[in-house]
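1. curious how this folds, go ahead:
(chains A and B)
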Amino acid sequence: MFSRITYAFRETWASFQRNLTLTAAAILTAAVALLLVGVTLLIQEGFSNLLAKWTGGVEMIVYVKPEYSTDQARIDALQQQLQSNAGVKKVTQLNQAESFEQAKRVLTGQASLLETLTVEKMPAQLRVVPEEGTAELLPLLKEQFDPRNNPTVWAVGLATDDIKVVAKISNFVRRFTIGASVVLLIVAVVLIWNTIRTAMFARRREIEVMKLVGATNWFIRVPFMLEGLLQGLIGSLLSCGGLALVNGLWNNSLGSFGSKDLLTNDLVALQVSGPFLRGVMIIILIVGALVGAIAAGIAASRFLDV
Amino acid sequence: MIKLENVSKVYNDEVVALRDASFDIPKGEFIFLVGASGSGKSTLLRLMNRQESPERGSVFVAGRNINEMPDSKVPFLRRNIGNIFQDYKLLPNKTVFENVAFALEVIGRPKHVIRQQVPAVLDLVGLAGKQDRFPHQLSGGEQQRVSIARAFVNRPLILLADEPTGNLDPSTGEGIMRLLDRINKTGTTVVMATHDQRIVNMMRRRVVQLDRGVIVRDQARGVYD
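-> Below is the predicted model:
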């Protein structure tokens, strides 16, 4: 058993060195493809964090001061006031606990801030859905419900034009990145497949002898499958490094623009949490290894009759 | 040991390589398959280790119908059959020792067995002391000896030899034949395809002659023609 394992690894390593250029091409393509898969997942998460606040046509949020946030009568009165404006279609309430849950998503990239948050410190929310075609109403409402004019209110947030644009392009970006990563993954599979085929062709005499002296097909196949698995795995490790780098740069640049008030600054929501990033990396490692091994396995079975 | 029953083999639906061939090879026999190029000698050998399957008829090896054997069992059949070729089929980047050891390695024999059996078989074929040479550093006869060592290192029941002296000068060929004869005397069945008239006449063993896929002669202690 031990001699078989050492044999498999020795052969894998030898083949790796023999086929260096093709192997490098396969690994790099796999890395780029998987990096794009990772970025797609991060973008998707970022967008859905960003848009979490603005679901269901909500375009304005009135935050109630935390000290009044358990005072249901006060909140109901404020809701009435908002509702009475022409052009307001619907106003819904979010209590402190629900607000807390939402904050966890929106502030997912701000771990230190999240730690300091408690349900009691959270504002209740009144979420305003305007009628269609009443764009000029919201700035007026914002002014009317500004904390300076209304003692119950802590802050008012508007869905900025930027956010509306982001909401619109998010679907496009998502589709584009998914499409591009699928295409690149297929290219990576084909390249790995081709590398293995070339490796097998280079060793056709050896394979012929192996078959004649009674090596099982699995024995012949395993080093090639290992080779493919290793290519996929190295590719995915590279892409994990790239992903960490991209994510770091992204977080740094996000911090440098937008308002410093984390509750109303929407852009911070484009960050993803550490656990999410690690999850994506694990997915990428698994996908990379599987893609490599399967592509190589198919090639190895297909070209065993050399 | 080997038995063919009404075996026919056709390539591409038109080229008849073998027609209705039947014969029996008892254990420990030395048999020559003779005939012109394309008469079906190599096809017969390839049927015996299931590199080919017949269109009709059955091939039995050690009492088992090998055409009904599942693919997964074929490697285990082949571990009992050694193969020797006209072009040796040695791996050029491996030494003599490694070429022979390769046959044991790929069927999962442990290292200590390899270290023990390879020098023994190299000694048997007369290559002691040359185990670290590469194939290109050896003469044709020596390369064929390596190939025989590789085929025999696992002590197979059967040795299939396809024109093993085809690339060798007469005296070297005779040396190879003496070696095969010694191996045969250990109880291994040897089936050898050849059109080396001199060697067949010298050995006086059983001769099966083929002509365009048909067995035209099966003679004990025969000559070439």
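
2. centroid residue for the chain?
-> All of this refers to chain A. In chain A, the residue lying closest to the centroid (CA atoms, centre = their mean) is A:L42, at 2.0 Å.

3. the intended chain is chain B.
-> Chain B, centroid-nearest residue using CA atoms, centre = their mean: B:L160 at 1.6 Å.

4. can you tell me the strand partners of the helix or strand where it lies and which way each runs?
-> Using DSSP states H and E, the element containing B:L160 is strand B:158-162. In the sheet, strand B:158-162 lines up against strand B:81-85 (parallel), strand B:189-193 (parallel) (DSSP bridges).

5. residues contacting B:F30?
-> Counting by CB atoms under 8 Å, 6 or more residues apart in numbering or on different chains, B:F30 touches B:L180, B:D181, B:N184, B:T189, B:V190, B:M192, B:M203, B:R205, B:R206. Any C-beta I mention is one placed from the backbone N, CA and C, and that applies to glycine too.

6. of those, which is the most crowded?
-> B:M192 (27 neighbours; other CB atoms under 10 Å in any protein chain shown).

7. quick one: that residue and B:A151 touch, right?
-> No - contact between B:M192 and B:A151 fails when scored by CB atoms under 8 Å: they sit 12.0 Å apart.

8. correct me, but A:A124 touches A:K65?
-> No - if you go by CB under 8 Å, A:A124 and A:K65 don't touch, sitting 9.0 Å apart.

9. now do the same contact list for the closest residue to chain B within the stretch 51-200 of chain A.
-> Residue of the stretch 51-200 of chain A nearest chain B, by CB to the nearest CB: A:A199 (14.4 Å). Neighbour list for A:A199: A:S15, A:R18, A:N19, A:F224, A:E227 [criterion: CB under 8 Å, 6+ apart].

10. ok, which stretches of chain B are helices?
-> In chain B, the helices defined using DSSP state H lie at B:41-48, B:74-78, B:96-105, B:111-124, B:140-152, B:170-185, B:197-203.

11. same question, the stretch 101-250 of chain A
-> With DSSP state H, counting those that start in this stretch as the criterion, the stretch 101-250 of chain A has helices at A:111-116, A:137-144, A:161-202, A:204-212, A:217-255.

12. of these, which is nearest B:A128?
-> helix A:204-212 (22.8 Å; CB to CB).

13. give me the contacts around the closest one.
-> Contacts for helix A:204-212 (CB under 8 Å, 6+ apart): A:200, A:219-220, A:304, A:306, B:49, B:51, B:75, B:78, B:83, B:89, B:91, B:102-103, B:106, B:150.

14. name the residues of that helix that are buried.
-> Going by neighbour count (16 or more other CB atoms under 10 Å in any protein chain shown), the buried part of helix A:204-212 is A:E206, A:I207, A:V209, A:M210, A:K211, A:L212.

15. give me the pLDDT for the third one.
-> Translated: A:V209. pLDDT recorded at A:V209 is 90.

16. return the residues of chain A in contact with chain B.
-> By CB under 8 Å from any CB of the partner chain, the residues of chain A that approach chain B are A:1, A:3-4, A:7, A:205-206, A:208-217, A:219-220.

17. let's go with 7 Å and repeat that
-> Proximity of chain A to chain B (CB under 7 Å from any CB of the partner chain) is limited to residues A:3-4, A:7, A:205-206, A:208-210, A:212-216, A:219.
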